[in-house]
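>>> test case, fold it:
(one chain, ligands or ions: 1)
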Amino acid sequence: MRSSKDRPRTPGRAQADDPVLNIIGNKVALGPIRKDLLGLYQRWINDFEVTRTLDLPMRPFPLEYEEAWYQRVIQSDRDLTFTIYDRQTLRPIGNAGLHQIDYQSRTADFGMAIGEKDFWGRGYGTESTGLVLDYGFGTLGLHNILLQVFSGNSAAIRAYEKAGFRRIGERREARRVNGEIWHILFMDCLPGDRKLAKDGPRPAGAKSQSRRG
Ligand SMILES: CC(C)(COP(=O)(O)OP(=O)(O)OC[C@H]1O[C@@H](n2cnc3c(N)ncnc32)[C@H](O)[C@@H]1OP(=O)(O)O)[C@@H](O)C(=O)NCCC(=O)NCCS
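Below you'll find the model as predicted:
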């Protein structure tokens, strides 16, 4: 039997028990982090399949750790984290956010985890990344968004490249996971990179839109 949690939604029509949403995409929607979901977030960060590719130690995290993280983030001016929802069912599936936001230099760091593994490989990570970039550049006026990703995390690297991130360097052999040694790759994105990823490259010979010709 389907529960109300996985019923299909009518796009654009909010229901009384719907979560609060800030940004609505095609497959995903983004809303604030929620105290009532701390148990779910805690489950994700205790899943070593999820954390093996995250900048987190692979260790047990009690609920109090998650509660302290929540208090820190909601009071911080420099960090913001979204809950990622499957847009159709409004099931919470992960978190994505911007950290170390610097409004003077217009920079931030990006981070993301999709904790519900049945949603991996279906385009949710790519779209969530793009929505956070659009929010960072468009709404917050940022100019450079940076991330770090392990060389063994091919799905993340591909998703980030599709959203507009470019590789800018690496720290060699700096992450050991289950006996494997990985590099830490640095990737960044400027508004123009994001636009190119969204619009695609201009076809050769296309007329310039610029007044200067
Ligand atoms: C990494 C993560 C965010 C990716 O999200 P996702 O929804 O699975 O990614 P998407 O489906 O949007 O895109 C993945 C892309 O990588 C490709 N891919 C998947 N596994 C791959 C592999 N082993 N090698 C190469 N490409 C791979 C997919 O085919 C897809 O590309 P395509 O659309 O061109 O076919 C998600 O797996 C996750 O949260 N993992 C755990 C936490 C984590 O690693 N977070 C990121 C830390 S930097």
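>>> return the residues of the chain in contact with the ligand.
50, 53-54, 112-114, 120-126, 149, 153-156, 158-159 (Cβ under 6 Å from any ligand atom). From N, CA and C alone the C-beta is placed, and that goes for glycine too.
>>> drop anything exposed from the residues you listed.
Buried by 16 or more other Cβ atoms under 10 Å: 50, 53-54, 112-114, 124-126, 149, 153, 156, 159, out of the residues of the chain next to the ligand.
>>> list of residues touching whatever helix or strand Gln148 lives in?
Gln148 belongs to strand 144-150 when assigned by DSSP states H and E. The contact list for strand 144-150 (Cβ atoms under 8 Å, 6 or more residues apart in numbering) reads 53, 55, 98, 105-111, 133, 136-137, 156-157, 160, 165, 175, 177, 182-190.
>>> if you set the cut-off to 6 Å instead, what comes out?
53, 107-110, 136, 156-157, 175, 182, 184-190 (Cβ atoms under 6 Å, 6 or more residues apart in numbering).
>>> whatever helix or strand comes next after it - contacts with which helices or strands?
Note on strand 144-150: by DSSP H and E, the next helix or strand toward the C-terminus is helix 154-163. In terms of contacts (3 or more Cβ pairs under 6 Å, 6 or more residues apart in numbering; DSSP states H and E), helix 154-163 is packed against helix 124-134.
>>> alpha carbons only: can I get the helix it packs on in CSV?
This file holds the C-alpha atoms of helix 124-134, laid out as CSV (Å, rounded to 0.1, in the frame of the first residue of the first chain):
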residue,chain,number,x,y,z
TYR,A,124,19.4,13.7,-9.1
GLY,A,125,22.9,14.6,-8.2
THR,A,126,23.5,16.5,-11.4
GLU,A,127,20.3,18.5,-11.1
SER,A,128,20.8,19.2,-7.4
THR,A,129,24.3,20.5,-8.2
GLY,A,130,22.9,22.8,-10.9
LEU,A,131,20.1,24.2,-8.8
VAL,A,132,22.5,25.1,-6.0
LEU,A,133,24.9,26.7,-8.5
ASP,A,134,22.1,28.7,-10.0
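>>> start to end distance for stretch 143-157?
21 Å (Cα to Cα, to the nearest Å).
>>> off-centre distance for that stretch?
11 Å (Cα atoms, centre = their mean, to the nearest Å).
>>> over to stretch 19-28?
For stretch 19-28, the distance to the chain centre is 13 Å (Cα atoms, centre = their mean).
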